[in-house]
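Asker: structure, please.
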Amino acid sequence: MLHRGQESTDGTGGGELTVPMAWLYAEYIADELLRTGDLMPPTSFEFRAGRDALALTIFLSDTDGELSGIRVVTQLETWLSLTAYDQPWQDWVRERMAGRAAEAADSGGPAPDLELAEAAWRWLQETELLAPDLNAVPGGGVPVGEDEGPKVWTPAWQLGLPLGHLAIHLF
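Answerer: Model (predicted):
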């Protein structure tokens with residue numbers, strides 16, 4: 001029996017607070033992978049895009065509903081394959097999110113993990129970041145420095161996904 005002021009993580013209802021532990025843990029793992037890779041400042045939008053893309057990958061690839069700290073290293077190959085350049089990651093996320101939404105509707109209980117994942121997915125799709133245009137003609141007759149060259153507005157997930165993939169490699 002829970003006493004007043006204690007929090008529940010099992011979603012049993014009864015007015016207790018349901019803590020989104022699966023999402024928070026996925027986000028923590030993603031944050032640690034990106035910080036270890038030291039690819040972007042943690043305060044940048046690019047870092048957030050990488051963290052959210054990785055957190056979605058981690059959260060949605062967990063089919064047992066339980067992220068285990070011990071299993072993190074064994075999951076790295078799975079996350080690498082899901083975030084690879086030639087994979088339809090965006091379609092995979094949509095399918096998994098729809099499946100999780102259906103599960104949540106069937107259970108009828110609160111789904112705070114899913115709500116946070118949906119918010120991250122919305123941000124990744126709706127936010128555009130200014131990034132180098134990788135499809136531009138090389139050189140284009142203009143000397144190109146590190147911060148120069150053609151740039152294009154890109155959905156955040158298209159920047160975050162390769163950043164997350166590289167962070168996994170560097171881990």
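
Asker: what's the distance between the residue nearest to Ala111 when sequence neighbours are not counted and Gln87?
Answerer: Leaving out its chain neighbours, the residue that sits closest to Ala111 by CB to CB, 6 or more residues apart in numbering is Ala104, at 3.7 Å. C-beta: built from backbone N, CA, C; applies to glycine. Using CB to CB, to the nearest Å, Ala104 is found at 26 Å from Gln87.

Asker: which of these two has more residues huddled nearby?
Answerer: Neighbours per residue, other CB atoms under 10 Å: of Ala104 and Gln87, the larger number sits with Ala104, 17 against 14.

Asker: can you map out the helices along this structure?
Answerer: 21-37, 45-61, 72-83, 89-107, 112-126, 156-170 (DSSP state H).

Asker: and the worst-scoring helix or strand of the chain on mean pLDDT with helix 45-61, angle?
Answerer: Ranking every helix and strand in the chain by mean pLDDT, DSSP states H and E puts helix 72-83 at the bottom, with a mean of 85. Angle, helix 72-83 to helix 45-61, by axes from the mean of the first three to the mean of the last three CA atoms, to 10 degrees: 110 degrees.

Asker: picking that back up, so the residue nearest to Ala111 touches Leu114, yeah?
Answerer: Yes. At 5.3 Å, Ala104 counts as touching Leu114 under the criterion of CB atoms under 8 Å.
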